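Peer 1: Sequence first, predicted model second:
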Amino acid sequence: MNTPDLQALMSDLIADASALARHEAEALAAHRDAVRARWRVARRTRTLPELLRYQLDLLPLTRRRLAVDHQRRLQLLRRLLDRLADSSEVSPGY
C-alpha cells in the first residue's frame, strides 16, 4: 500500500479509538447518573425494607444498561482490533 493508504488507515484507527473513548466516557457518565439516582431514592426512604424494595426495583434498568454498554464496547473493540489486524498488511511506503 502507498502512503495515502497508510494515512487513511491511521485516520481510521484514530477514529475507532476516539469512538471507543467516547463510548467509555458516556458509559461512565451514565454510571454516575445511576448512582445519583440511587442516592436520591435512598434519601427519600424511611425504612430499610422500603430502601431495599426501591433499590431492587432499579436493578433491571441497571442490568439492561450494563448489557447494552458491554455489547457496544465489544463492537467498538472488534472494529478497532480488525482494523489493527488489517494494518499488518500496510507497508509504510518508504
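Peer 2: Nice, thanks for sending it over. This is a predicted model, so every value here is computed, not measured.
Peer 1: and the closest residue in space to residue 54 that isn't next to it in sequence, what does it touch?
Peer 2: Sequence neighbours aside, residue 41 is the residue nearest to residue 54 in space, at 4.7 Å (criterion: C-beta to C-beta, 6 or more residues apart in numbering). Where C-beta positions appear, they are placed from N, C-alpha and C, glycine not excepted. Residue 41 makes contact with 51, 54, 55, 58, according to C-beta atoms under 8 Å, 6 or more residues apart in numbering.
Peer 1: From residue 68, how far out is residue 41?
Peer 2: Residue 41 sits 22 Å away from residue 68 when distances are taken as C-beta to C-beta, to the nearest Å.
Peer 1: if we can go back for a sec, quick check: the residue nearest to residue 54 vs residue 51, distance?
Peer 2: For residue 41, the distance to residue 51 (C-beta to C-beta) stands at 8 Å.
Peer 1: again, but for residue 76
Peer 2: Distance of residue 76 to residue 51, computed by C-beta to C-beta: 36 Å.
Peer 1: Identify all contacting residues around stretch 71-78.
Peer 2: With C-beta under 8 Å, 6+ apart as the test, stretch 71-78 has contacts from 16, 19, 20, 23, 24, 27.
Peer 1: In ChimeraX, how would I select the buried members of the residues you listed?
Peer 2: Selection of buried members from those for ChimeraX, criterion 16 or more other C-beta atoms under 10 Å:
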select :16,20,23,27
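Peer 1: residue contacts, residue 58?
Peer 2: By C-beta under 8 Å, 6+ apart, the contact list for residue 58 reads 34, 37, 38, 41.
Peer 1: Quick check: the farthest pair among the residues you listed?
Peer 2: Across the contacts of residue 58, the longest distance by C-beta to C-beta is 10.7 Å; it joins 34 and 41.
Peer 1: quick one: average pLDDT of the helix ranked longest in the chain?
Peer 2: The residue-count maximum for a helix in the chain (DSSP state H) belongs to helix 3-44. What helix 3-44 shows for mean pLDDT is 92.
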